[in-house]
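Q: Any chance you could fold what I've pasted below:
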Amino acid sequence: MSHDPFARLRLEYGDAPLPFETSPGEPTGLLALWIDEAAAAGVGEPNGMALATVDGDGQPHCRVVLCKGLDARGIAFFTNRQSDKGAQLAANPRAAATFWWPAPRNRQARLVGRIEICAEAESDAYFASRPRRSQLCSAASPQSRVVRDRAELEGMVDALAAQVGDGPVPRPAHWGGYRLVPESVEFWQGRDGRLHDRLRYRRDGGGWTRERLAP
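A: Below is the predicted model:
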């Protein structure tokens with residue numbers, strides 16, 4: 001009997017390199033490229049990321065959210081600010097995020113940094129771009145709170161839909177965007193034999209320092 005119950009799941013990742021010498025001078029362009037390449041390869045929701053926060057007791061929490069903005073400032077995501085993650089970010093405005101793109105890409109990107117609130121206009125624009133059902137559900141849901149059953153939750157959505165009628169769904173004041181402003185971004189390319197490539201960018205004043213890490 002194998003001492004590794006998951007041995008049958010072991011995969012080799014191929015031998016695609018992550019060239020250090022030709023990597024760009026800053027990380028956000030490479031992150032955008034990797035998301036685009038994962039999408040082109042058929043990876044589902046390539047903008048999904050595990051977001052880690054810490055509560056007032058020092059307990060880490062992690063959940064998957066969708067990256068909805070990416071530029072030189074960092075990565076943006078949107079949520080109910082009265083949710084558990086919102087309360088955690090209010091108490092400790094620092095976070096980490098991990099993207100994972102399985103085969104055929106076999107890549108990972110990790111970001112660590114501080115959190116800032118997105119401008120109201122940015123939150124308004126994203127909320128307005130969402131499908132109407134998503135607007136209604138996110139506006140009506142008391143995210144992270146206990147509800148009696150599914151019927152109660154659906155009733156909240158139906159009540160809001162009746163209230164707004166055919167008019168626009170207003171963005172709740174407690175719903176909006178956050179931006180993770182990275183201080184460190186690491187790119188990981190899986191390679192055969194577990195001799196993976198790791199490239200880390202560390203913020204250094206107004207620029208970035210690149211470092212190769214051992215796997």
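
Q: What ranges does this structure have for its strands?
A: 48-54, 60-66, 69-71, 74-80, 94-101, 107-117, 175-189, 197-204, 207-213 (DSSP state E).

Q: so which of those comes closest to residue 153?
A: strand 74-80 (13.6 Å; CB to CB). Quick note: C-beta positions are derived from backbone N, CA and C, even for glycine.

Q: Check the burial of the nearest residue to residue 138 once chain neighbours are set aside by counting its neighbours.
A: Residue nearest to residue 138 in three dimensions, not counting chain neighbours: residue 175, with 6.1 Å by CB to CB, 6 or more residues apart in numbering. Residue 175: 21 surrounding residues under other CB atoms under 10 Å.

Q: what residues are up against residue 175?
A: Residue 175 is in contact with 78, 79, 80, 81, 123, 127, 138, 139, counting by CB atoms under 8 Å, 6 or more residues apart in numbering.

Q: The same query, at a cut-off of 7 Å, please.
A: Residues near residue 175 by CB atoms under 7 Å, 6 or more residues apart in numbering: 80, 81, 127, 138, 139.

Q: Same question for residue 115.
A: 89, 93, 94, 95, 178, 180.

Q: what about residue 16, how many residues close to it?
A: 14.

Q: still on that earlier bit, compile the strands of the chain into JSON lines and extend it with columns for mean pLDDT and distance to residue 22.
A: Listed next are these as JSON lines, based on pLDDT from 0 to 100; distance: least, CB to CB, whole Å:
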{"stretch": "strand 48-54", "mean pLDDT": "98", "distance to residue 22": "26"}
{"stretch": "strand 60-66", "mean pLDDT": "98", "distance to residue 22": "30"}
{"stretch": "strand 69-71", "mean pLDDT": "97", "distance to residue 22": "21"}
{"stretch": "strand 74-80", "mean pLDDT": "97", "distance to residue 22": "24"}
{"stretch": "strand 94-101", "mean pLDDT": "98", "distance to residue 22": "20"}
{"stretch": "strand 107-117", "mean pLDDT": "98", "distance to residue 22": "17"}
{"stretch": "strand 175-189", "mean pLDDT": "98", "distance to residue 22": "13"}
{"stretch": "strand 197-204", "mean pLDDT": "97", "distance to residue 22": "11"}
{"stretch": "strand 207-213", "mean pLDDT": "96", "distance to residue 22": "11"}
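
Q: For the residue nearest the centre of the chain, which residues count as its bridge partners?
A: The residue lying closest to the centre of the chain (CA atoms, centre = their mean) is residue 49, at 3.4 Å. Residue 49 forms beta bridges with residue 65, as assigned by DSSP bridges.
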